Structures are given as C-alpha cells and as structure tokens.
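Q: I'll drop the sequence and a predicted model, then ask my questions.
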Amino acid sequence: MNEWEWNLLEDEAPLANRTRDGIAVAPGDRVRLRPRRQGDAMDLFLANKIAIVEAIEQDYENQIHVAVVVEEDPGRDLGLDRQPGHRFFFGPDEVELVERRHGPPPSAGAPGSILIAGVGNIFFGDDGFGVEVVRRLGQGRFPDHVTVAEFGIRGFDLACALSAGYDVAILVDACPRGSAAGTLHVIEPDLLTPGSDVDREPEGGPHGLDPLNVIRLARLMGPTPRRILIVGCDPETLGGEEGAVGLSVPVSAAVAEAVPLIESLVARIVEGNPLEPDGRADSERDER
C-alpha cells in the first residue's frame, strides 16, 4: 500500500500549521531537523539536514507529527507516487524553521503579491532548469509579498497556487523554442483574448503538466493572477528514454543568468515599470 492509499484511510484532516517557540511551521516551509537524542540510527543520519514540510498531521491519539521530505532526496518530487522511505515524521519540537516558503503564504491575495514557481523534473536532464533556478533564488532576499516556491512535477499543486490570489506569477521552466541551448526567454501568455492558447481545455493528468496546461487548469479552478510570465530556457537534452540527473553546461550557465533576470522582473513589477515597451499581453522577449 502506498502513501496515497494510506492517506485515504485517515479520518483526520491535515492541520494548517504547528507552532514551536512562537513560530508557526506550515507545509512548504524549509526546516532543519533536530531529532531527540534518544532517537535511532535514522534520526542520527537525518540530524541537522534541511527538509521540506509536506503536512502537519494529528494521529488518533491526538499526537502532532510534522511530515517532511529531505531536501537533498532525489525522489522527493515523485509526490503521491512515491513508495514509503522518502517521507519522515518528527515532533513539532524536532524541527526548526529555516525559511518560510509556499505553505499558506501570508502574501497571497495582497495587492502586488508575486509567486515565483519553479517547474520541472530533475530526472530529465535540463528539464530541472526551473527547479534549480528557484533553489538559487531561495537563497536571496525578496519583499514579504514575494513567494518563491519549487513545484517540480506537481502540476495540480501549482494550479492551486495560481488560484490562491496572487497578483502576478512568474513560472520558471525548460522551454524548447528552437534557439541555442541555454537561451532564455520571457514569455507572457495572452490571458485576455477568448480562444487563446490558455483558453483551451487542459490536456493530460494533474501531474507533470507543462506551464500552459497548468494555467488552463488553474483558470477552471478560479481567478488566476492578472499577469503570468514564463521564464523559459532552451534545453540541450532532456535525458532521453532513461532520463538523466544534472543540467548540461549551457543550461547550467543559463541558471546563473536567470537569477538576476527574475530579480529584475520582480523589481520592475514592484516599481510599476512596464515589462515591454509596447505593453502587449502576448509579448515575448529573448534575453540572450
């Protein structure tokens, strides 16, 4: 029985957050693991590692557990298709908040709120571009109303985030456009014209959706950001049938260029400066 099937047997709803030392830890947050000294060998192995909070759960004995996936675990993007062995449970006093991420963001719904979302599969070569970019961005500093989140192949989760009330969203993903590998593009889909690409029915399942299909799904769920930008990068390789871990040389170099590019986009949005001289909703700009 996998994790999804176990969850179906649970009657208790997940909790929104849990407070430790006056600080609320919520799903999506980055935490440092601080297991008790009386723990087992696995606790010793996990001690001081950085993990992502997936859920706050309460068992039938009313005990609170923080469910986490270790950040360096290469299988953590597999979502509900994972088998046991990737998800660990700690008490609220065994995790220490490192960085607030996309769990119930206080900025969603605020005027000028911005979501920066990394998309892609780290097991398919350069498709991991968006994931690596947001990991680097997470080390920087943005205003409180800017949320940086890594979604991997969790297309349905991203669609939910896009309908959470953000004013602007920036999606970061590998984007084959026929240019040289490592070429960066800033693309703004047309959200206003009836019959445009984002006005079609979403294709495929809820996982692994490409950005346009995620936007289509989000529009079925509710209002979406007034502007959505896609920062894309032409890949060199997606790993073939067997996949591959790691980015190619040109795409790795593009990651370093994408970070200041996105910081510049955020600054221009915050300052109210136009992103395109002609202001067209269907505009596209090559940045290299």
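A: Happy to help now that I have it.

Q: Look at residue 47 and report its pLDDT.
A: Listed pLDDT for residue 47 reads 87.

Q: Apart from its neighbours in sequence, what residue is nearest it?
A: residue 35 (5.6 Å; C-beta to C-beta, 6 or more residues apart in numbering). C-beta here means a position set from N, CA and C on the backbone, and glycine is covered the same way.

Q: Quick check: the gap between the one you found and residue 68.
A: Distance of residue 35 to residue 68, given as C-beta to C-beta, to the nearest Å: 11 Å.

Q: what sits in contact with each of these two?
A: residue 90 (C-beta atoms under 8 Å, 6 or more residues apart in numbering).

Q: Enumerate the positions of the longest strand seen in the chain that are buried.
A: Counting by DSSP state E, the longest strand found in the chain is strand 50-58. Residues 51-57 are the ones in strand 50-58 that count as buried (16 or more other C-beta atoms under 10 Å).

Q: Dump the helix or strand just after that strand to PDB, keeping only the CA atoms.
A: Downstream of strand 50-58, the first helix or strand assigned by DSSP states H and E is strand 64-70. Output in PDB follows, covering the C-alpha atoms of strand 64-70 (Å, rounded to 0.1, in the frame of the first residue of the first chain):
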ATOM      1  CA  ILE A  64       1.000  16.000  16.300                       C
ATOM      2  CA  HIS A  65       3.500  14.900  13.700                       C
ATOM      3  CA  VAL A  66       5.400  17.000  11.100                       C
ATOM      4  CA  ALA A  67       5.700  15.100   7.900                       C
ATOM      5  CA  VAL A  68       8.800  16.100   5.900                       C
ATOM      6  CA  VAL A  69      10.900  15.100   2.900                       C
ATOM      7  CA  VAL A  70      14.600  15.700   3.000                       C
END
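
Q: for strand 64-70, packing partners?
A: Applying 3 or more C-beta pairs under 8 Å, 6 or more residues apart in numbering; DSSP states H and E, we find strand 64-70 packed against strand 30-33, strand 50-58, strand 87-90.

Q: Recalculate using a threshold of 10 Å.
A: strand 18-20, strand 30-33, helix 41-46, strand 50-58, strand 87-90 (3 or more C-beta pairs under 10 Å, 6 or more residues apart in numbering; DSSP states H and E).

Q: Each with direction, which strands does it pair with?
A: Note on strand 64-70: by DSSP bridges, its sheet partners are strand 50-58 (antiparallel), strand 87-90 (antiparallel).

Q: between those, which gets nearest to residue 124?
A: In terms of C-beta to C-beta, the element of the strands paired with strand 64-70 nearest to residue 124 is strand 50-58, at 20.5 Å.

Q: Looking at the closest one now, give me its mean pLDDT.
A: The pLDDT scores in strand 50-58 average 81.

Q: residue boundaries of the strands in the stretch 151-288 of the chain?
A: Per DSSP state E, counting those that start in this stretch, the stretch 151-288 of the chain carries strands over the ranges 168-174, 184-187, 227-233, 284-286.

Q: any idea of the mean pLDDT in the shortest one?
A: Average pLDDT, strand 284-286: 41.

Q: same deal with stretch 98-105?
A: Stretch 98-105 comes out with an average pLDDT of 59.

Q: that older thread, turn the strands of the stretch 151-288 of the chain into a markdown table, including mean neighbour count and distance to residue 93.
A: Shown next, in a markdown table, are the strands of the stretch 151-288 of the chain (neighbours: other C-beta atoms under 10 Å; distance: least, C-beta to C-beta, whole Å):
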| stretch | mean neighbour count | distance to residue 93 |
| --- | --- | --- |
| strand 168-174 | 25 | 35 |
| strand 184-187 | 19 | 44 |
| strand 227-233 | 24 | 39 |
| strand 284-286 | 13 | 49 |
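
Q: Mind naming the longest helix for the chain?
A: In the chain, with assignment by DSSP state H, the single longest helix is helix 249-271.

Q: Run through the neighbouring helices and strands of it.
A: Contacts defined by 3+ C-beta pairs under 10 Å, 6+ apart place helix 249-271 against strand 114-119, helix 129-137, strand 146-152, strand 168-174, strand 184-187, strand 227-233.
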